[in-house]
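K.L.:
Mind folding the following:
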Amino acid sequence: MRRSIDELRTFYGEPTGALARRLLARRLEDAWGEATNCDVLGLGYATPWLDAFVGARRVVAAMPGGQGVEHWPTVGRNRTLLVDDRRLPFVAGAFDRILLVHALEEADDPAALLLEAVRALAPTGRIILAAAARGGLWARADNTPFGHGRPFTRRQLERLVREAGLEPMAWSQTLYAPPWGPLLPLADGFEQIGRHVAPGAAGLILLEATRQAYARIRPSGQAQRVAKPALTPQPVAQTAAPPD
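P.N.:
Numbers count the residues shown, from 1 in each chain. Reported below is the predicted structural model:
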């Protein structure tokens, strides 16, 4: 069962949630910047990070039915909707960037959810999965949303995106500080040291993926692998830097 919208909103209004919000925002800025001229979809509970994409043409927040929905942004026209995460109400290829936060861990069928996200992804689009890390302390903390549902390893996320017809292109980790109040002020130090000394202690994994050049998406959302072309197109310009 998914955490309710009220629980999520309350958590991100507390010091522990504010820390998680800040550290994840740092990784997303490294990856996508302001998402200039992109159509962006946040799936799960992504609203704490969507305000940063000020250069986007369009930003939409889709929230699963078992979670509930909130009005966002607080000022102006509402851009959120309640969805069945196995049947998203978007046409194929509608979004250039898709961010999944608090989406996979409590999904009834993570693979089906991801296939729907891939169907909505533009041919040159990019997707970031942010999921609780199986080896981290945050996955064991029931007082955070990361302590509910199924956490993931990097290998599990890579297998999940490949089965959906995507190719992993970058990954990163964050939330090295234990989710305990007295240690939160030391979080930046934990981030600097943890990635070198104890990478397995991170609480959150981010995996960025893009479409394989030789993957075809059926109208139903099923990814079908086809023969790889003899010549694979190469990028003509450098894109925004992926998460480190």
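
K.L.:
so how many other residues sit close to residue 163?
P.N.:
13 (other CB atoms under 10 Å). Any C-beta I mention is one placed from the backbone N, CA and C, and that applies to glycine too.

K.L.:
And it, how close does it get to residue 114?
P.N.:
Distance of residue 163 to residue 114, computed by CB to CB, to the nearest Å: 8 Å.

K.L.:
what's downstream of the longest strand seen in the chain, the next helix or strand?
P.N.:
Assignment by DSSP state E gives strand 121-132 as the longest strand of the chain. Using DSSP states H and E, the helix or strand that follows strand 121-132 in sequence is helix 154-163.

K.L.:
Give me the sheet partners of the helix or strand following that following helix and which way each runs.
P.N.:
Counting by DSSP H and E, the next helix or strand C-terminal to helix 154-163 is strand 166-174. Looking at strand 166-174 with DSSP bridges, its partner strands are strand 204-211 (antiparallel).

K.L.:
any idea of the angle the partner strand forms with strand 121-132?
P.N.:
In terms of direction (axes from the mean of the first three to the mean of the last three CA atoms, to 10 degrees), strand 204-211 departs from strand 121-132 by 170 degrees.

K.L.:
Not counting strand 204-211 itself, show me its contacts.
P.N.:
Under the contact criterion CB atoms under 8 Å, 6 or more residues apart in numbering, strand 204-211 has outside partners 20, 23-24, 27, 31, 118, 121, 123-133, 136, 138, 146, 152-154, 157-158, 161, 165-175, 242-243.

K.L.:
C-terminal to the lengthiest helix in the chain, what's the next element?
P.N.:
Using DSSP state H to define each element, the chain has its longest helix at helix 15-32. Counting by DSSP H and E, the next helix or strand C-terminal to helix 15-32 is strand 39-44.

K.L.:
Flag every buried residue along stretch 20-34.
P.N.:
20, 23, 24, 27, 28, 29, 30, 31, 32 (16 or more other CB atoms under 10 Å).

K.L.:
Serialize those to JSON lines and add fields for pLDDT and distance to residue 186.
P.N.:
Below are these laid out as JSON lines (pLDDT from 0 to 100; distance: CB to CB, whole Å):
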{"residue": "20", "pLDDT": "96", "distance to residue 186": "15"}
{"residue": "23", "pLDDT": "96", "distance to residue 186": "13"}
{"residue": "24", "pLDDT": "97", "distance to residue 186": "18"}
{"residue": "27", "pLDDT": "95", "distance to residue 186": "19"}
{"residue": "28", "pLDDT": "97", "distance to residue 186": "23"}
{"residue": "29", "pLDDT": "96", "distance to residue 186": "22"}
{"residue": "30", "pLDDT": "95", "distance to residue 186": "22"}
{"residue": "31", "pLDDT": "95", "distance to residue 186": "25"}
{"residue": "32", "pLDDT": "96", "distance to residue 186": "28"}
